[in-house]
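[1] this one's sequence-less:
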DNA sequence: TTGTATGCGTTATCAT
DNA sequence: ATGATAACGCATACAA
């Protein structure tokens, strides 16, 4: 049985209240007593029971993080940063991979509510708007605007889409493909799509759009999609992929087909996942400020927890990373 | 204020004990009453307070996961699988990135103990053996053997090192380099090193060993290390990298130096991170069974939590993935 | 400056 | 088959 506040109290010969006080550094306690208590804690190797504290304070200091999949480099990087900032503010992270499964996402919400997390950061969003409204918890979403009452942090998807497309157009691509996951799943990513359309149309460039209808991202699906793209449109000489993962798949398929990059096909990705461990990808891409996104997500969530009202919409600047594929 | 068991009790007109019973499906309750209670819960949108349950039961159903860095693809993939299996067994995951910082790792241990997690899965290990002994919690380590009383799950590092080296030797490499992170940090990875040495010596092949002394992995360090390797040993024609991340860096440097792969330099990596999102790396590598490692880690931990004794040492088979770089 | 008593939401031990 | 009541470990309003 672990040592409790009561054991310390008995050892020092005072009441539990006093122990609680030095634990929380509240109220008045003589320096002498304080030291004796601390020594006793040290000696008995006392660990405050956070569960009991949470119950009593009605605050868990836990943030629930729901994302599609940590093993996706964008979310891995995001998760790392979120955990870092959360920790530095005294919060712990409960990790949930929804795998873009609606039922699972719902279960996680219930789980997080039951666990009395203080708030939720949401990088995955497959449920209906109404279901989110019913959640009374502080929420911050990443790159996925749900309602106008839930703060959303995103990078400038429109500008990113525009920049990416422009690069391809400037390099004289004749037929440009936009290839992405299920647009339904990420309303904000459609802005990349919108920007793409505007650019190609404004410049009179031939184009084609490819997207999976599958409910989730899956490398195999991407592969098939990319394969189909070049089979149906062998004359495509420019590709804007909505994630670096997809872009890598495009590069791969081109190698397979013997198409040289960037000579015969130019490729621009999205995310800038090389921020962490992938600086070797060498893919020209639009870099999202993942670190800032994570930091702001935590900050805004904590503000809400404190009863403050963070901005409802935050659009962070993106950056074009010119590299080898375009 | 959230609705509690007490509210339900009043609504249905029974005692809290009864509510608790239907909640836990324990003891006898008439089907009729059971249904009435469940309906009331539904109607009032009741969410059991897991914190209170944890306090009462002295069990949190939370597993602490300490790894160096989720954004490293090996750990990202591992984390995904661990979370998946933990969830399917009714456990939640508290994520901790130690960043291979000893002080931080210690803080996380205290945090997890204070949070009353039911057990810890450890993929990071920088503290001294004694410090781990003092931890009374169930622990399982991944790829890092600490003491003979803490179950450790790893892939067959020796065999992996042997296989990787053999590939290079079979392909007639004349001078082979082994390049890795700080060997001190991962006693098990030294087995790859041992196997490497045995092979090159047994076959009379010239070799060189390069490793960072930095306490943690950092892409920049790897880059410098790789750069130094080829500067000091331009005649190296085979490289065994202790992780795919490093291998990718080697590939990159070779491109930069105009050395063709695999003609002038052959490269073998380690990890098999392409299991998730990186099947495009095309690096010949030793694949670790990450999924199995995650599943077993959870399984062994839960066994310990249940008072059972899982195997102390589990070595999973690795696989050579023959691809383009060797 | 320190102590007493009560509550946090649930489970568990007795009763009945 | 159901209920009263005491834990669980800590925080806090109110006393002293």
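    Arrived safely, thanks for sending. Quick caveat: nothing in here was measured; it's all calculated off a predicted structure. Numbering: from 1, shown residues only, chains lettered A, B, ... in the order given.
[2] what sits up against the strand or helix carrying residue A:304?
    Using DSSP states H and E, residue A:304 sits in helix A:290-305. Residues outside helix A:290-305 that contact it (Cβ atoms under 8 Å, 6 or more residues apart in numbering or on different chains): A:63, A:74, A:77-82, A:84-86, A:89, A:91, A:118-121, A:138-140, A:142-143, A:151, A:153-155, A:271-272, A:275, A:309-311, A:314, A:316. Bear in mind the C-beta positions are built from the backbone N, C-alpha and C, glycine included.
[3] in helices only, show me the residues you listed.
    The helices, defined by DSSP state H, take in A:74, A:77-82, A:84-86 from the contacts of helix A:290-305.
[4] hmm, back to that, what are the buried residues along the helix holding residue A:304?
    Across helix A:290-305, burial judged by 16 or more other Cβ atoms under 10 Å in any protein chain shown covers A:290-291, A:293-298, A:300-305.
[5] tell me how far the helix or strand of chain A with the lowest mean pLDDT is from the chain's mean position?
    Taking mean pLDDT, DSSP states H and E as the measure, chain A has helix A:129-133 as its least confident helix or strand, at a mean of 76. Relative to its chain's centre, helix A:129-133 lies at 20 Å (Cα atoms, centre = their mean, to the nearest Å).
[6] what residues of that helix count as buried?
    Buried positions in helix A:129-133, judged by neighbour count with 16+ other Cβ under 10 Å: residue A:132.
[7] now do stretch A:83-99
    Using 16+ other Cβ under 10 Å as the test for burial, stretch A:83-99 gives A:83-87, A:91-99.
[8] quick one: that stretch to chain centroid distance?
    Its chain's C-alpha centre and that of stretch A:83-99 lie 11 Å apart, by Cα atoms, centre = their mean.
[9] can you show me the strands along the stretch 201-326 of chain A?
    A:206-211, A:238-241, A:266-271, A:285-287, A:313-316, A:319-321 (DSSP state E, counting those that start in this stretch).
[10] residue A:165 is nearest to which of the ones you listed?
    Residue A:165 lies closest, by Cβ to Cβ, to one member of the strands of the stretch 201-326 of chain A: strand A:238-241, at 5.8 Å.
[11] thinking again about what came up before, reformat the buried residues of stretch A:83-99 as a markdown table; add distance to chain B.
    Shown next, in a markdown table, are the buried residues of stretch A:83-99 (distance: Cβ to the nearest Cβ, whole Å):
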| residue | distance to chain B |
| --- | --- |
| A:83 | 5 |
| A:84 | 7 |
| A:85 | 11 |
| A:86 | 9 |
| A:87 | 8 |
| A:91 | 11 |
| A:92 | 6 |
| A:93 | 5 |
| A:94 | 6 |
| A:95 | 5 |
| A:96 | 7 |
| A:97 | 5 |
| A:98 | 11 |
| A:99 | 8 |
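[12] bridged to residue A:119, which residues?
    Taking DSSP bridges, one finds residue A:63 as the beta-bridge partners of residue A:119.
[13] low-confidence stretches in the stretch 1-150 of chain A?
    Along the stretch 1-150 of chain A, segments meeting pLDDT under 70 span A:1.
[14] which parts of it sit against DNA strand C?
    A:13-18, A:21, A:27-30, A:33, A:52, A:55-56, A:58 (Cβ under 7 Å from any atom of the strand).
[15] quick one, which of the residues you listed are buried?
    Restricting these to buried positions leaves A:14, A:18, A:21, A:29, A:33, A:52, A:55, with burial counted as 16+ other Cβ under 10 Å.
[16] quick check: the second one vs residue A:41, distance?
    Residue A:18 is 12 Å from residue A:41, where distance means Cβ to Cβ, to the nearest Å.
[17] same question for residue A:192.
    For residue A:192, the distance to residue A:41 equals 54 Å [Cβ to Cβ].
[18] more neighbours: which of those two?
    More crowded of residue A:192 and residue A:41, by other Cβ atoms under 10 Å in any protein chain shown: residue A:192, with 28 against 21.
[19] part of a helix, is the more buried one?
    Yes. Per DSSP: H, G, I helix; E, B strand; the rest coil, residue A:192 lies within a helix segment.
[20] quick check: closest non-adjacent residue to it.
    residue A:161 (3.3 Å; Cβ to Cβ, 6 or more residues apart in numbering or on different chains).
[21] the one you found touches residue A:193, doesn't it?
    Yes. Counting by Cβ atoms under 8 Å, residue A:161 touches residue A:193, with 6.7 Å between them.
[22] more crowded one of those two?
    The neighbour count for residue A:161 versus residue A:193, taken as other Cβ under 10 Å, is higher for residue A:161 (27 against 19).
[23] now the more buried one: how far from residue A:173?
    Note on residue A:161: its distance to residue A:173, by Cβ to Cβ, is 15 Å.
[24] OK, now which residue of the stretch 51-200 of chain A is nearest to DNA strand C?
    Taking Cβ to the nearest atom of the strand as the measure, the point where the stretch 51-200 of chain A comes nearest DNA strand C is residue A:56, at 3.7 Å.
[25] spell out which parts of chain A neighbour DNA strand D.
    A:1-2, A:4-6, A:16-17, A:20-21, A:23-24, A:26, A:48-49, A:52-53, A:55-57.
[26] make JSON lines out of the strands of the stretch 201-326 of chain A and add mean neighbour count.
    Shown next, in JSON lines, are the strands of the stretch 201-326 of chain A (neighbours: other Cβ atoms under 10 Å in any protein chain shown):
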{"stretch": "strand A:206-211", "mean neighbour count": "17"}
{"stretch": "strand A:238-241", "mean neighbour count": "31"}
{"stretch": "strand A:266-271", "mean neighbour count": "28"}
{"stretch": "strand A:285-287", "mean neighbour count": "25"}
{"stretch": "strand A:313-316", "mean neighbour count": "14"}
{"stretch": "strand A:319-321", "mean neighbour count": "17"}
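[27] can you redo these as a markdown table with mean pLDDT?
    Below are the strands of the stretch 201-326 of chain A laid out as a markdown table (pLDDT from 0 to 100):
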| stretch | mean pLDDT |
| --- | --- |
| strand A:206-211 | 92 |
| strand A:238-241 | 95 |
| strand A:266-271 | 92 |
| strand A:285-287 | 93 |
| strand A:313-316 | 96 |
| strand A:319-321 | 93 |
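[28] so for DNA strand C, which of these sits nearest?
    Nearest to DNA strand C, of these and by Cβ to the nearest atom of the strand, is strand A:313-316 at 33.2 Å.
[29] point out the other helices and strands that that closest one packs with.
    Other elements packing on strand A:313-316 under the criterion 3 or more Cβ pairs under 8 Å, 6 or more residues apart in numbering or on different chains; DSSP states H and E are strand A:152-155, helix A:290-305.
[30] and it, how far out from the chain's middle?
    14 Å.
[31] return the distance of the residue of the stretch 101-250 of chain A found nearest DNA strand D relative to residue B:21.
    Nearest to DNA strand D, among the residues of the stretch 101-250 of chain A, is residue A:116, at 13.0 Å (Cβ to the nearest atom of the strand). Residue A:116 sits 22 Å away from residue B:21 when distances are taken as Cβ to Cβ.
[32] how about residue A:47?
    With Cβ to Cβ as the criterion, residue A:47 and residue B:21 are 32 Å apart.
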